[in-house]
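Visitor: sequence first, then the predicted structure:
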Amino acid sequence: MPDLDSRLRPTFDEVLRRNPGEREFHQAVHEVLSSLGPVVSKHPEYTDGAIIRRLCEPERQIIFRVPWVDDSGQVQINRGFRVEFNSALGPYKGGLRFHPSVYLGIVKFLGFEQIFKNSLTGMPIGGGKGGSDFDPKGRSDAEVMRFCQSFMTELYRHIGEYTDVPAGDIGVGGREIGYLFGQYKRITNRYESGVLTGKGLTWGGSQVRPEATGYGLVFFVDEMLRTRGESFDGARVVVSGSGNVATHAIAKVHELGGTVVACSDSSGYVVDERGIDLDLLTEIKQVRRGRLKEYADAAGGSVAFVEGGSVWDVPCRIALPCATQNELDADAAATLVGHGCTIVAEGANMPCTPEAVRLLESAGVGFAPGKAANAGGVATSALEMQQNASRDSWTFEHTEERLSQIMRGIHDRCLETADTYGSPNNYSTGANVAGFIQVADAMLALGVI
Ligand code: NDP
């Protein structure tokens, strides 16, 4: 990792020492600190007040056992996490991830990113994240329900609409949020809608929340294109993943006149030169919870499924990584640059490795970091909380318009801040610095707590 400003290096060394083995957390902290040199030059109060050191230490970390009984009567044990990272701006807010790779380092990296992302939205929400090493793949609905009920039987004592408000992430969609909310309601005997977001429309959910992260990503890229005098019209786009974020990003790209020619899952990728057929993709991945290979089998013709390959080998002008962390490395970045790619925007959290980001930025590719480009999901979660608090529900059109304004606002804030701090057009610097300053000022105002 490249060296940091000498005033920030001791903080990073402390993070390495206190959090051994948490590679993704180290990476996320390093990425933010690498932008803050000019900020501490201008504002010594942030280092004097140990603001950055305090930001790197979660306010609370909860780890718990999740026992449950599978369909064959066997007892299974998973591990649950909730990291309540920073509540200077509002209740902790951030999703739950159910995936076998989940451990404390992943939850902390996601929670740390969430602080700055939530700050960037301009909404009153702090940062947190949680999840479990439970793998929902291949589990029956009844097993998923029993797992969610057991998970909530511990989590309920730590969350609340004014305390901590979880939502979905990888492996946690509408089905899981339903089971989690049901168990919370049962244990507390309260219909506290604002305790979770991503709820179904008939029981407190918001229009556009399922679509929000993918749509928001595309609104952000649309704004990037506009600043370059370009548009999505006729653009060839590649998206990784085929889950919530990827699916809705594909839908919005097609609506704006671009063509997504490839997408992926953890087993490989498909190339469909006519443009990914969303109805077919949704039926296979979201409804049947099947594998992407079935898309090629069903579509036939020239549609190819490439097992185990990298979707970034497919030439495109715009690349939208929407699967998982560190999925786009320096080799993939070099391939994208070689194919004439001009924009890479992160729908997933930290999908590009630091080496890939450096390579893309030095090649002049427009790069949008996840904490800005995928903030539409959490922003719409905050809109869901607003609707729950006022017992109101807005139309799809109104909510989508709010989302679009928020994303364009984040885009402009990133560019203005990057300019002010001497890195014109650098979205990473803009996002890190703008997100940081708002939280840091709130922490200073609230005293040493
Ligand atoms: P989903 O579970 O709906 O979809 C995840 C997709 O990524 C699936 O296609 C999955 O494939 C693929 N994937 C997961 N792990 C890997 C891996 N190791 N290698 C290759 N592909 C993989 O999750 P979401 O769409 O909700 O989340 C995707 C990303 O977006 C995550 O980084 C998440 O943190 C981020 N995000 C999500 C938000 C949301 O609102 N949902 C908000 C902001 C960010 P398979 O089906 O084979 O598992």
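Guide: Looks like it came in fine. Numbers count the residues shown, from 1 in each chain.

Visitor: for this protein, which spans come out with low pLDDT?
Guide: Low-confidence segments of the chain (pLDDT under 70): 1.

Visitor: which residues of it lie near the ligand?
Guide: By the rule Cβ under 6 Å from any ligand atom, the part of the chain lying against the ligand is 168-171, 213, 241-246, 265-267, 322-324, 327, 347-349, 374, 377. C-beta coordinates here come from the backbone N, C-alpha and C atoms, glycine included.

Visitor: sort out for me which of those are in helices.
Guide: In this view, those that belong to helices under DSSP state H are T213, N244, V245, A246, G377.

Visitor: what about the strands in the stretch 51-200 of the chain?
Guide: Secondary structure of the stretch 51-200 of the chain (DSSP state E, counting those that start in this stretch): strands located at 60-69, 75-86, 92-98, 127-132, 164-167.

Visitor: from the contact counts, what lies against the second one?
Guide: In terms of contacts (3 or more Cβ pairs under 8 Å, 6 or more residues apart in numbering; DSSP states H and E), strand 75-86 is packed against strand 60-69, strand 92-98, helix 104-121, strand 127-132, helix 141-155, strand 164-167.

Visitor: apply 10 Å and report the result again.
Guide: Under the contact criterion of 3 or more Cβ pairs under 10 Å, 6 or more residues apart in numbering; DSSP states H and E, strand 75-86 touches helix 51-55, strand 60-69, strand 92-98, helix 104-121, strand 127-132, helix 141-155, strand 164-167, helix 427-446.

Visitor: so what's the residue nearest to C56 when sequence neighbours are not counted up against?
Guide: Spatial nearest neighbour of C56, excluding adjacent residues (Cβ to Cβ, 6 or more residues apart in numbering): V15 at 5.1 Å. Taking Cβ atoms under 10 Å, 6 or more residues apart in numbering as the contact definition, V15 lies against 22, 25-26, 28-30, 33, 52-53, 56-57, 108, 112.

Visitor: so which pair among those is furthest apart in space?
Guide: Spanning the widest gap among the contacts of V15 are E22 and I52, at 17.7 Å by Cβ to Cβ.

Visitor: out of the two, which sits in the busier spot?
Guide: A direct count of neighbours by other Cβ atoms under 10 Å for E22 and I52 places I52 higher, at 23 against 20.

Visitor: not counting sequence-adjacent ones, nearest residue to that one?
Guide: Distances taken as Cβ to Cβ, 6+ apart place T11 nearest to I52, at 5.3 Å, with adjacent residues excluded.

Visitor: now the helix or strand that contains that neighbour against helix 104-121, angle please.
Guide: According to DSSP states H and E, T11 maps onto helix 9-18. If you take axes from the mean of the first three to the mean of the last three Cα atoms, to 10 degrees, helix 9-18 sits at 140 degrees to helix 104-121.

Visitor: following helix 9-18, which helix or strand shows up next?
Guide: helix 23-33.

Visitor: the helix or strand just after that following helix: which residues count as buried?
Guide: The helix or strand immediately downstream of helix 23-33 is helix 37-42, counting by DSSP H and E. By 16 or more other Cβ atoms under 10 Å, the buried positions in helix 37-42 come out as G37, V39, V40.

Visitor: not counting sequence-adjacent ones, nearest residue to the residue nearest to the spatial centre of the chain?
Guide: The structure's the chain has its C-alpha centroid closest to N349; by Cα atoms, centre = their mean the separation is 4.4 Å. Once flanking residues are discounted, N349 sits nearest to G370: 4.8 Å by Cβ to Cβ, 6+ apart.

Visitor: residues in contact with that neighbour?
Guide: Taking Cβ under 10 Å, 6+ apart, we find G370 in contact with 113, 117, 213, 217, 245, 321-322, 325, 345-352, 431.

Visitor: and D277, how many neighbours?
Guide: A count of neighbours around D277, defined by other Cβ under 10 Å, yields 16.

Visitor: ok, the one 3 residues further on next?
Guide: Using other Cβ under 10 Å, L280 is surrounded by 15 other residues.

Visitor: quick check, it in contact with E294.
Guide: Yes - judged on Cβ atoms under 10 Å, L280 makes contact with E294 at a distance of 9.0 Å.

Visitor: for D297, list the residues it contacts.
Guide: D297 sits next to I284, G290, R291, V303, F305 when contact means Cβ under 10 Å, 6+ apart.

Visitor: try 8 Å
Guide: Taking Cβ atoms under 8 Å, 6 or more residues apart in numbering as the contact definition, D297 lies against F305.

Visitor: quick one on the thing from earlier: tell me which of the strands of the stretch 51-200 of the chain is the most buried.
Guide: For the strands of the stretch 51-200 of the chain, the largest average neighbour count (mean count of other Cβ atoms under 10 Å) is found in strand 127-132, namely a mean of 30.

Visitor: sheet-wise, list the partners of that strand with their directions.
Guide: Next to strand 127-132 in the sheet, as set by DSSP bridges, lie strand 75-86 (antiparallel), strand 92-98 (parallel).

Visitor: those: which one's closest to A363?
Guide: Taking Cβ to Cβ, strand 92-98 is the member of those nearest to A363, at 31.6 Å.

Visitor: so what's the gap between the closest one and the chain middle?
Guide: From the chain centre to the centre of strand 92-98 is a distance of 10 Å (Cα atoms, centre = their mean, to the nearest Å).

Visitor: ditto for stretch 362-379
Guide: Remark: stretch 362-379 is offset 10 Å from the chain centroid, using Cα atoms, centre = their mean.

Visitor: ok, now stretch 96-113?
Guide: Stretch 96-113 sits 11 Å away from the centroid of its parent chain (Cα atoms, centre = their mean).

Visitor: pull out the buried residues from that stretch.
Guide: Buried residues in stretch 96-113 (16+ other Cβ under 10 Å): 96-99, 102-113.

Visitor: what's the straight distance from one end of it to the other?
Guide: With Cα to Cα, to the nearest Å applied, stretch 96-113 spans 14 Å between its terminal residues.

Visitor: quick check, the residue in the stretch 101-250 of the chain closest to the ligand?
Guide: Nearest to the ligand in the stretch 101-250 of the chain, going by Cβ to the nearest ligand atom, is G243, at a distance of 1.8 Å.

Visitor: contacting residues for that residue?
Guide: For G243, the contact set (Cβ under 8 Å, 6+ apart) comprises I170, D265, K285, C322, A323.

Visitor: what do you get if the cut-off is 7 Å, keeping everything else the same?
Guide: G243 is in contact with K285, counting by Cβ atoms under 7 Å, 6 or more residues apart in numbering.

Visitor: now swap in L110 and tell me
Guide: L110 sits next to G94, K129, N349 when contact means Cβ under 7 Å, 6+ apart.
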